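J.: just the structure for this:
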Amino acid sequence: MAAREKKGPHAILIAYPLQGHLIPSVHLAINLASRGFTITFVNTYSIHHQTTKAINGNCSGEDIFAAARESGLDIRYDTVSDGLPVELDRSLNHDEFMSGLVDLMPAHVEKLVAKIMQKSSPPVTCLVVDTFFVWGSPIAKKFGLLCVSFWTEPALVYTLYYHMDLLKKNGHFACQDIRKDPIDYIPGLKTIDPKDLTSYLQDSDTSSVVHKLIFAAFNNAKGADFVLCNTVQELEPQVIEALQSYKPFYAIGPIFPLGFTNATVPTSLWSESDCTQWLNSKPHGSVLYASFGSYAHITKSELWKIANGLLISKVNFVWVLRPDVVSSNDVDPLPVGFKAAVCDRGMIIPWCSQRQVLTHPAIRGFLTHCGWNSILEAIWCELPLLCFPLLTDQFTNRKLVVDIWKIGINLIDRTVITEEEVSKNVNRLMDNKLGSELKDAIRGMKKKLEDALKNPHAILFAYPLQGHVIPAVNLAISLASRGFTITFVNTKSIHHQTTKANNGDGGDIFEAVRGSGLDIRYATVSDGLPVEFDRSLNDDQFTAALVHVMSAHVDELVAKLVKCSAPAVSCLIVDTFYVWGSAIAKKHGLVCASFWTEPALVYTLYYHMDLLINNGHFASHDNRKDPIDYIPGVKTIEPKDLMSYLQDDDATTWLHQLIFAAFNDVRGADFVLCNTVQELEPQVIEALQSYKPFYAIGPIFPRSFTNNATVATSLWSESDCTQWLNSKPHGSVLYASFGSYAHITKRALWEIANGLLLCNVNFVWVLRPDIVSSNDVDPLPVGFKEAVHGRGMIIHWCSQTQVLTHPAIGGFLTHCGWNSILESIWCKVPLLCFPLLTDQFTNRKLVVDDWKIGINLIDNQMVVTKEEVLKNVNRFMDEKIRKQLKATMGGIKKKLEYALGPGGSCEKNMECFVKELNAKANIIPSASTN
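T.: Model (predicted):
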């Protein structure tokens, strides 16, 4: 098959086997995959066992990234042994677990990496490993891979571990008599008290297996090529700057899922309870949420003190108590009678979706162990923190929360916990005055997180024809993969047709894509006509509505989105054929990008209509027939190769009014994005770039080329030709389709049908129900279907990319729509050209005369005869001719492959557009300040 070859970086990402590390690793995988990476995500067997059991109650080996892949992300899934039996209780046998990670796991990882490298396409280029793994850089080096160390905690904690040698040298760590005075010699860190070091750095005895792991891990991290850290540059600027002097250290946080509460990929190690109904019964801001995370343990004595403190406090609470929070052997550690005593005031559960609880309006504060994920999530939800650190980085994180950022308070001020102090500080946190002060501080912190995550937000309006919707959808996905927020807008009529064709419920066509982490929202707008109006039968009325009526509906929708969207809308991307794009963008203070879905040659001919008119080649009673040689960037073109609307004597039709208005409006656009390839039309593009930024960003294909089920774009139900094609010899079938919009006369249709009947070639023929007219749903000659039975398959619609990639297809009888041409080039399927209207005549020139990758169905474009159809179909399907065409097409395809590859023109131009857009969006004032 001629499926699109996968290129780009391929990273193996191995997650550390604790839930607090797994969650950001999953989100990092989605983040990288949405930017074009192939990711092979690796969990340990034991984590896989726990997550799948938590989902469905059994341990069946399901792929946790299946939903993400359905939306087009290339994330593969694998598992590896940590060296211990799956059934071993790692919570009860911590030292054995840590020893396995240090001494046993590397051999299993090495074997897995070798296997993946042997069979993977694209080739593996990079190993991304949690910093706490001790073997990342040597294994990467052995296989010639880049090594990326992923740190899931704050940069402050990283730098303390990284500088353990300084702590030892100065007597603050790993000595019999540890100093208690402040530490002021760590680069980038002003000062820190020894009590605020991570728990393992407060130990005198450093001979434990955990210390062995930490020493080995940070020795290994020094060999990594890069460090990615789940923190925010603006939260820890001095520490990060100091670390960047050693090696590339990137603050890429906060790494949240799209929508914050979205749980596309399962990461929970326990089944989640739903607190929503209980929380709904409580007043806003009246509930304390308490959780000590997925790993830390607490003594039974401490647990009882907290329980009794909560009982005394009279505060409503949700308390997450893992089954092993004290010990795996003590599954009900609460004081006898506690649950009955708190009754409906407290909800005690083994686990939940923390982000969903934190976003509930009933929640006012968070009693936390100070895990880093919990802190970032609390900041995002503007929830003050009540801090009770238990181990490792949590003591250092507490310092950030309470002492530096002042967004929380301590649960206890001494080393000994009492129920009275718990009650006092719970009530203090929930007090309106202190709570308001903490909330004010936390809002400032959240602003830093929002700024770190700030994306350009574009509203993208697709023109209401399928040939325009398809590249618009793919552009939306491409931009969202580069960090954009996209609000994609279809007309109500297109939405109605696509959902009807795909048996949908009229819902959001981008729902599956959002599951992969892309922020694409969906809206609809009226084109000014009733949804049930037949636009195919009433083209003039449809066009008139697009020119005069639709803009008011668009203006209203844009105003609403600009007013209420987060992130703020910065850009309007509109199909060039819309006549109102730059005017509405200017009104609302937005950057305007015009999206052209056809070749640059067609754009420049429309753009220079004034030259054609002045020279008598268009819109005159006696149009000149001599070659046109005065269009910038175009060497020469015959009048017969102009678009159909530029060959007309009468330029007063509704379509001409639309074209004139659209190309007047586009002059006000800030940028033009064109679905073409720089290397295919270099002179034309260079000339157009002298007027305004004009970016060739094509070919805009879906990620896997044939993956078109993610977003519904078909206006008709699709037939599956696979079984029929499987029965035919390779290269023996002619695929015929005249696209989603063009019409054909009944006479021409009959001549083509009779030509196909005479030629004895196998064919698949797509005939839309309205191909002749909406009133003529079966326009073929009587008896034709019976006569071609077994040799011809006639269908209303299909997935064209899936058909073109089938090995039985030998050629494509096409109307020369631009999408069809690009898809054919990619699949190396030669073209038999029968243009019908608009740009198709100009596209035919590119295919037949310039690139020589196809031939004409008829030589006289005015008259079609069955004899000429017979002759040219047989000529076209001749093995010798097809071989010549395919060889030429291979050279053209290479240009597409290069454009799409790393460093290719598509990638460079898209990056340039994004950079220029961001720069321009920052200097254009918002509508509210005009």
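
J.: dump the lowest-mean-pLDDT helix or strand in the chain to PDB, restricted to CA.
T.: None of the helices or strands of the chain scores lower by mean pLDDT, DSSP states H and E than helix 66-70, at a mean of 74. Output of helix 66-70 as PDB, limited to C-alpha atoms (Å, rounded to 0.1, in the frame of the first residue of the first chain):
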ATOM      1  CA  ALA A  66      -6.000   3.000  22.400                       C
ATOM      2  CA  ALA A  67      -8.300   6.100  22.700                       C
ATOM      3  CA  ALA A  68      -5.400   8.500  22.100                       C
ATOM      4  CA  ARG A  69      -4.400   6.600  18.900                       C
ATOM      5  CA  GLU A  70      -7.900   6.800  17.600                       C
END
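
J.: following that helix, which helix or strand shows up next?
T.: Next helix or strand after helix 66-70 toward the C-terminus (DSSP states H and E): strand 75-80.

J.: how far does that next one sit from the chain's center?
T.: Relative to its chain's centre, strand 75-80 lies at 20 Å (CA atoms, centre = their mean, to the nearest Å).

J.: what's that strand packed up against?
T.: helix 19-33, strand 38-44, helix 45-56, helix 105-119 (3 or more CB pairs under 8 Å, 6 or more residues apart in numbering; DSSP states H and E). Backbone N, C-alpha and C define where each C-beta goes, glycine included.

J.: out of those, nearest to C564?
T.: helix 19-33 (26.1 Å; CB to CB).

J.: how far off centre is the least confident helix or strand of the chain?
T.: Taking CA atoms, centre = their mean, one finds helix 66-70 lying 12 Å from the centre of the chain it belongs to.

J.: related to what we said a few turns ago, which of the helices and strands packed on strand 75-80 sits closest to I470?
T.: helix 19-33 (22.3 Å).

J.: now do the closest one against strand 75-80, angle only.
T.: Angle, helix 19-33 to strand 75-80, by axes from the mean of the first three to the mean of the last three CA atoms, to 10 degrees: 140 degrees.

J.: follow-up on the earlier one: compare the mean pLDDT across the helices and strands packed on strand 75-80 and name the weakest.
T.: Sorting the helices and strands packed on strand 75-80 by mean pLDDT places helix 45-56 lowest, at a mean of 85.

J.: export that helix as CSV, just CAs?
T.: Output in CSV follows, covering the C-alpha atoms of helix 45-56 (Å, rounded to 0.1, in the frame of the first residue of the first chain):
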residue,chain,number,x,y,z
TYR,A,45,4.2,-5.1,34.2
SER,A,46,3.2,-4.4,37.8
ILE,A,47,1.9,-0.8,37.0
HIS,A,48,0.1,-2.1,33.9
HIS,A,49,-1.5,-4.9,36.1
GLN,A,50,-2.7,-2.4,38.6
THR,A,51,-4.1,0.2,36.2
THR,A,52,-6.0,-2.4,34.1
LYS,A,53,-7.4,-4.0,37.2
ALA,A,54,-8.5,-0.6,38.5
ILE,A,55,-10.3,0.1,35.2
ASN,A,56,-12.3,-3.1,34.7
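
J.: contacting residues around that helix?
T.: Applying CB atoms under 8 Å, 6 or more residues apart in numbering, the contact partners of helix 45-56 are 15, 17, 22, 43, 58-62, 64, 79-82, 84, 86, 88, 90, 266-272, 351.

J.: list the buried residues for it?
T.: Residues 45-52, 54 are the ones in helix 45-56 that count as buried (16 or more other CB atoms under 10 Å).

J.: could I get those residues as CSV with distance to W818?
T.: Listed next are the buried residues of helix 45-56 as CSV, based on distance: CB to CB, whole Å:
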residue, distance to W818
Y45, 50
S46, 52
I47, 48
H48, 45
H49, 50
Q50, 50
T51, 45
T52, 46
A54, 49
